[in-house]
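>>> need coordinates for the below:
(one chain, ligands or ions: 2)
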Amino acid sequence: MIAVGLMEGRSAVDVELAGVFRDASGMAYKPARYRFTSEVTLTPSDLASSSFALEDVTIGIGFHWERKERQVFRGALRIIKRDAGLTVVNDVPLEEYVTSVISSEMSASCPIELLKAHAVISRSWLLFPKEQPSPGAPAEREPVRAKPQERAAGPEQGSHAREILRWYGREAHPDFDVCADDHCQRYQGITKAFSPEAANAVAATTGEFLRYNSMICDARFSKCCGGITERYSTAWEDQEIRYLESVYDGPEQARSYILETWIRSDPPAYCNTRDSDLLSRILPGFDRETRDFYRWRVEYSPDELADLVKSRVGVDLGPIRDIEALARGPSGRIYRLKLSGERDYLFIGKELEIRRALSRTHLYSSAFVVDKELGRLVLRGAGWGHGVGLCQIGAAVMANEGRTYKEILQHYYRGTTVSA
Ligand SMILES: [Zn+2]
Ligand SMILES: [Zn+2]
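Numbers count the residues shown, from 1 in each chain. Ligands and ions are numbered 1, 2, ... in the order given. Here you go, the predicted structure:
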């Protein structure tokens, strides 16, 4: 069973039961509406035919698509009392959880081998922290919405030098395994019908995990690597994970290349596709105007960039004169950057913090080169996302070319096997 957190901090929880549920004392709750203001655990008499509905489930917390929705779930309903209010948890079988996630995260018209690969990595990602906490991590779990892990380095040059070095770890939740929102994996119970394709992909891979030396893998994935996948430590803590090493995202051996030249060029790779039919099948709501994620371009004036950095990072550097990449990972993603303004300068890392600081939303990736053209700073970049592990666009192209999900997984996670 997986414990999924559905809501937190409520003073009351409105529930509509479909089917008969029983609490810990054996008391029956008939199909009806209830309002709970204290702890209770309700177990369905029949798992397959019973469900419960919650009003006002907030989805997309902190994103522009945040809204409230009525959602329907199968399995047990647990309400726990905490200082901040009531927490609502749904205990659901693992395979049902994975089917729900695949149905809500991926389009049903994806190639089936991509859905199967996704079922294996969603399942592995979910169970990885239980079986193998990351080395050096504290035994107890961090509270939800913990502050990003941060290391404030001392002044490097001069007394006013500053450095922001932070990454966003995968904070575990103290009262449940995963939350139902984008923070973990989006889970909407049975609110939307499971797509038959998702159900088939999950059934065809039932109980299978991605393993390295028999241990379940921390199966990371992102939208588009940009031609070369990135290593773990560029995005998160300084730790080398063998199966998350960088690989060339194509059929040939990696060649020698100069990263800056690589980013400026349009090299062949699985994820370098202009197949708009395939792209619209894997990216729901795909917009024809935003097809340029393999190689992209953004530009700012020195003043625009100063305002941006001030609003995003809270530091006033004055008009930005220079952006220097101090350290890059093997895909070209920058993980340490120097911003020089007329008033001050700042070092920033790692990749997500750089993307956050240099865009109103987020830059597609931190794999970019900077050119000064007519007084403006032009960023030319590659890829979409952190680039670590499976590349979703590349994996879709591989599936479309007839590769199996195991071949796809072994391409991105070297040295791994797929087994129950
Ligand atoms: Zn979460
Ligand atoms: Zn790729």
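>>> which helix or strand contains the nearest residue to residue 54 once chain neighbours are set aside?
In this structure, residue 54 finds its nearest non-sequential neighbour in residue 71, 5.7 Å apart by C-beta to C-beta, 6 or more residues apart in numbering. Any C-beta I mention is one placed from the backbone N, CA and C, and that applies to glycine too. Counting by DSSP states H and E, the element that carries residue 71 is strand 67-73.
>>> partners of that strand, with directions?
Note on strand 67-73: by DSSP bridges, its sheet partners are strand 51-59 (antiparallel).
>>> what's the average pLDDT for the strand it pairs with?
If you average the pLDDT over strand 51-59, you get 89.
>>> whether that strand contacts ligand 1 - can you check?
No - between strand 51-59 and ligand 1, judged by C-beta under 5 Å from the ion, nothing touches; the nearest distance is 12.5 Å.
>>> hmm, who's touching that strand?
Where contact means C-beta atoms under 8 Å, 6 or more residues apart in numbering, the residues beyond strand 51-59 that reach it are 6-7, 13-19, 21, 42, 44, 65-74, 77, 88, 180-182, 186, 188-190.
>>> what packs against whatever helix or strand residue 101 lives in?
Per DSSP H and E: residue 101 is located in helix 94-105. With contacts defined as 3 or more C-beta pairs under 8 Å, 6 or more residues apart in numbering; DSSP states H and E, helix 94-105 has these neighbours: strand 2-10, helix 112-131, helix 196-204.
>>> pull the residues that contact the strand holding residue 71.
Under the contact criterion C-beta under 8 Å, 6+ apart, strand 67-73 has outside partners 6, 51-60, 90, 92, 188-191.
>>> that strand: what's the following helix or strand?
Under the assignment DSSP H and E, the closest C-terminal helix or strand after strand 67-73 is strand 76-82.
>>> burial count for the closest residue to residue 207 other than its chain neighbours?
Ranked by C-beta to C-beta, 6+ apart and with sequence neighbours excluded, the top spatial neighbour of residue 207 is residue 420, at 4.3 Å. By the criterion of other C-beta atoms under 10 Å, residue 420 has 8 neighbours.
>>> bridging residues for residue 165?
residue 349.
>>> hey, where'd the helices end up in this structure?
Listed in chain order, the helices of the chain (DSSP state H) span residues 94-105, 112-131, 196-204, 232-235, 259-264, 276-282, 302-313, 351-357, 392-400, 405-412.
>>> for the nearest residue to residue 41 once chain neighbours are set aside, name its beta-bridge partners.
Leaving aside its sequence neighbours, residue 41 sits nearest to residue 78 (C-beta to C-beta, 6+ apart; 4.8 Å). Using DSSP bridges, the bridge partners assigned to residue 78 are residue 41, residue 89.
>>> is it true that residue 78 touches residue 43?
No - under the criterion of C-beta atoms under 8 Å, residue 78 is not in contact with residue 43, lying 9.2 Å apart.
>>> okay, these two: which has more neighbours?
More neighbours surround residue 78 than the other of residue 78 and residue 43, with 20 against 16 (other C-beta under 10 Å).
>>> show me the shaky parts of the stretch 201-350 of the chain.
Screening the stretch 201-350 of the chain residue by residue with the criterion pLDDT under 70, one finds the ranges 253-256, 284-290.
>>> now stretch 386-405: average pLDDT?
For stretch 386-405, the per-residue pLDDT averages 95.
>>> measure it end to end?
As for stretch 386-405, its first-to-last residue distance stands at 22 Å under the measure C-alpha to C-alpha, to the nearest Å.
>>> all strands of the stretch 201-350 of the chain, in order?
Chain-ordered strands for the stretch 201-350 of the chain, with DSSP state E, counting those that start in this stretch as the definition, fall at 209-212, 215-216, 221-222, 295-300, 320-328, 334-341, 345-349.
>>> need those strands in TSV with mean neighbour count and distance to residue 384, can you?
Rendered in TSV, the data for these read as follows (neighbours: other C-beta atoms under 10 Å; distance: least, C-beta to C-beta, whole Å):
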stretch	mean neighbour count	distance to residue 384
strand 209-212	22	22
strand 215-216	16	27
strand 221-222	22	7
strand 295-300	16	8
strand 320-328	17	17
strand 334-341	21	15
strand 345-349	22	20
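>>> check residue 166 and give its pLDDT.
Residue 166 carries a pLDDT score of 81 in this model.
>>> distance of it relative to ligand 1?
According to C-beta to the ion, to the nearest Å, residue 166 and ligand 1 sit 18 Å apart.
>>> check residue 363 too.
Taking C-beta to the ion as the measure, residue 363 falls 24 Å from ligand 1.
>>> number of nearby residues for that residue?
21.
>>> give the contact list for residue 185.
When contacts are counted by C-beta under 8 Å, 6+ apart, residue 185 touches 101, 105, 122, 125-126, 178.
>>> which one of the residues you listed sits closest to residue 329?
For residue 329, the closest of the contacts of residue 185 turns out to be residue 125, at 21.0 Å, with distances computed as C-beta to C-beta.
>>> buried deepest among the helices of the chain, which one?
Among these, ranked by average contacts under mean count of other C-beta atoms under 10 Å, first place goes to helix 392-400 (a mean of 25).
>>> packing partners for that one?
Using 3+ C-beta pairs under 8 Å, 6+ apart as the contact criterion, the neighbours of helix 392-400 among helices and strands are helix 112-131, helix 276-282, helix 405-412.
>>> could you tell me the least trusted of those?
Per-segment confidence across those bottoms out at helix 276-282, which has a mean of 81 in mean pLDDT.
>>> centre of the chain versus it, how much separation?
Using C-alpha atoms, centre = their mean, to the nearest Å, the mean C-alpha position of helix 276-282 is found 21 Å from that of the whole chain.
>>> do that helix and ligand 2 meet?
No - contact of helix 276-282 with ligand 2 (C-beta under 5 Å from the ion) is absent, the minimum separation being 12.6 Å.
>>> list of residues touching that helix?
Applying C-beta under 8 Å, 6+ apart, the set of residues contacting helix 276-282 from outside is 106-107, 109-111, 114, 273, 286, 288, 291, 392-393, 396-397, 400.
>>> I'm done for today, thanks for sticking with me.
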